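this one's structure only:
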């Protein structure tokens, strides 16, 4: 009984860790794309639009709840 409960808890923890690792990867990509956008910021260049598109692509991958929390005052 104890071993089964322990194994279930370990499986849940592994699942949560995997989720957090995937979430971290996406957030690092978002931060990198935002930094690229700031670096390329010039309103009339293709690089600015390309960087903005990359940032938008990564932001679409972020869970909506995380975005809401990040934008909350």
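Looks like it came in fine. This is a predicted model, so every value here is computed, not measured.

tell me which residues of whichever strand or helix holds residue 38 are tucked away?
For residue 38, the element it lies in under DSSP states H and E is helix 2-39. Using 16 or more other CB atoms under 10 Å as the test for burial, helix 2-39 gives 26, 27, 29, 30, 33, 34, 36, 37. C-betas here are computed from N, CA, C, even on glycine.

wait, isn't the last one in contact with residue 55?
Right, the one you point to is residue 37. Yes - using CB atoms under 8 Å, residue 37 is in contact with residue 55, at 5.2 Å.

any idea which of the buried residues of helix 2-39 is closest to residue 14?
Taking CB to CB as the measure, residue 14 lies nearest residue 26 of the buried residues of helix 2-39, at 19.2 Å.

and that closest one, what does it touch?
58, 61, 62 (CB atoms under 8 Å, 6 or more residues apart in numbering).

Next, find the distance separating it from residue 38.
To residue 38, residue 26 is 19 Å away according to CB to CB, to the nearest Å.

Can you name the helix or strand that residue 65 falls in?
In the assignment (DSSP H and E), residue 65 maps to helix 64-71.

Please point out which parts of that helix sit buried.
In helix 64-71, counting by 16+ other CB under 10 Å, buried: nothing.

what residues does it touch?
With CB under 8 Å, 6+ apart, helix 64-71 has contacts from 23, 27, 59.

Is it correct that residue 63 is in contact with residue 23?
Yes - using CB under 8 Å, residue 63 makes contact with residue 23 at a distance of 7.0 Å.

returning to what we had before: by neighbours, which of the contacts of residue 26 wins?
residue 58 (18 neighbours; other CB atoms under 10 Å).

so what's it up against?
Per CB under 8 Å, 6+ apart, neighbours of residue 58: 26, 29, 30, 33.

related to what we said a few turns ago, relative orientation of the helix holding residue 38 and helix 64-71 in degrees?
Here the directions of helix 2-39 and helix 64-71 differ by 50 degrees (axes from the mean of the first three to the mean of the last three CA atoms, to 10 degrees).

what mean pLDDT does helix 2-39 have?
Averaged across helix 2-39, the pLDDT comes to 89.

what mean pLDDT does the helix or strand following that helix have?
Counting by DSSP H and E, the next helix or strand C-terminal to helix 2-39 is helix 46-61. On average, the pLDDT along helix 46-61 is 87.
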